[in-house]
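> Next come a sequence and a model predicted from it.
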Amino acid sequence: MIKAVLFDLDGVIVSTDRCHYRAWKRMADEEGIFFDEKINDRLRGVSRMASLEIVLERASRTYTDAEKAALAERKNDYYKDLIRELTPADILPGAMENLTELRENGILVAVGSSSKNTPLILRQIGLDGFFDAVSDGNNISHSKPDPEVFIKAAQMLGADPAECLVVEDADAGIEAGRRGGMQTLSVKGAKGADHFAPDLSEYSILRQIIR
Ligand code: BG6
Ligand code: MG
């Protein structure tokens, strides 16, 4: 029986995936590195430094570790400028309704995100303090598809992995949930899940799945 639902943040609860794209694109353009939506899709769920390595696959020169750290910081500065504009109105359709309904039915809810900006994003969208647990890029050493972020969320909740459903928009996130021994729901076409939905806008979609 499902006791807890673990939500990815970027692309599931809020559309920060667009902000990530714009920030990487600006940095890549400045460096003369080709970057497009297709490459951006490979960055979903992947940590900042691992994402940078993917972006640099198209670079015409190599970068030192110090240069890489500076590029990642520059991208993150651009990204933070964008997410500081987020408000509760940016919560994706159906996310709040599903979260509230789960809560009312005694299901625990947690965030499982690779992002180190999770606390800032949750504050911006008014969900700071809402979740029963928040596991994010600040408390893990291996990013998705490693299951660490979700295992830690389950531990914080006192739930067994088999009692958890992971909601993800990234292939890497679905793989992380599966490797963690959890059930998985894909939104926006992420591959390899147990359940699929276009997004969370369908009324009661999560209650239907965990029933
Ligand atoms: C994930 C995003 O949630 O967080 C990735 O899907 C991103 O695209 C990762 O790279 C790390 O985010 P941040 O905010 O720590 O740079
Ligand atoms: Mg995501």
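Yep, that arrived. Ligands and ions are numbered 1, 2, ... in the order given.
> May I have the helix or strand hosting V109 as PDB, with CA atoms only?
Per DSSP states H and E: V109 is located in strand 108-112. Coordinates of the C-alpha atoms in strand 108-112 are reproduced here as PDB (Å, rounded to 0.1, in the frame of the first residue of the first chain):
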ATOM      1  CA  LEU A 108       2.700  11.800   3.300                       C
ATOM      2  CA  VAL A 109       4.100  14.100   0.700                       C
ATOM      3  CA  ALA A 110       7.800  14.900   0.100                       C
ATOM      4  CA  VAL A 111      10.000  16.600  -2.400                       C
ATOM      5  CA  GLY A 112      12.800  14.600  -4.000                       C
END
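> doesn't C19 make contact with I83?
Yes - using CB atoms under 8 Å, I83 makes contact with C19 at a distance of 5.5 Å. No exception for glycine: its C-beta is placed from N, CA and C like everyone else's.
> Beyond the strand holding V109, next helix or strand please.
With DSSP H and E, the next secondary element past strand 108-112 is helix 118-124.
> Quick one: mean pLDDT for that following helix?
Helix 118-124 carries an average pLDDT of 98.
> Quick one: distance of it to the chain centre.
For helix 118-124, the separation from the chain centroid amounts to 13 Å (computed by CA atoms, centre = their mean, to the nearest Å).
> try stretch 47-65
The answer for stretch 47-65 is 20 Å, by CA atoms, centre = their mean.
> which stretches of the protein form helices?
16-31, 37-41, 48-56, 65-83, 95-104, 118-124, 148-157, 171-179, 205-210 (DSSP state H).
> out of those helices, nearest to ligand 1?
Closest to ligand 1 of those is helix 48-56 (CB to the nearest ligand atom; 3.6 Å).
> which residues sit against that closest one?
Helix 48-56 is contacted from outside by 24, 27-28, 33, 35, 39, 42-43, 46, 63, 68, 71-72, 75-76, 116, 137, 143, using CB atoms under 8 Å, 6 or more residues apart in numbering.
> Quick check: residues of this structure near ligand 1?
9-10, 20, 43-48, 51, 76, 113-117, 137, 170 (CB under 6 Å from any ligand atom).
> are any of those buried, and which?
9-10, 20, 43-48, 51, 76, 113-115, 117, 170 (16 or more other CB atoms under 10 Å).
> For these, work out which two are farthest apart.
N76 and A170 (18.9 Å; CB to CB).
> from the buried ones among the residues of the chain next to ligand 1, which are also near ligand 2?
Filtering those for neighbours of ligand 2 using CB under 5 Å from the ion leaves 10, 170.
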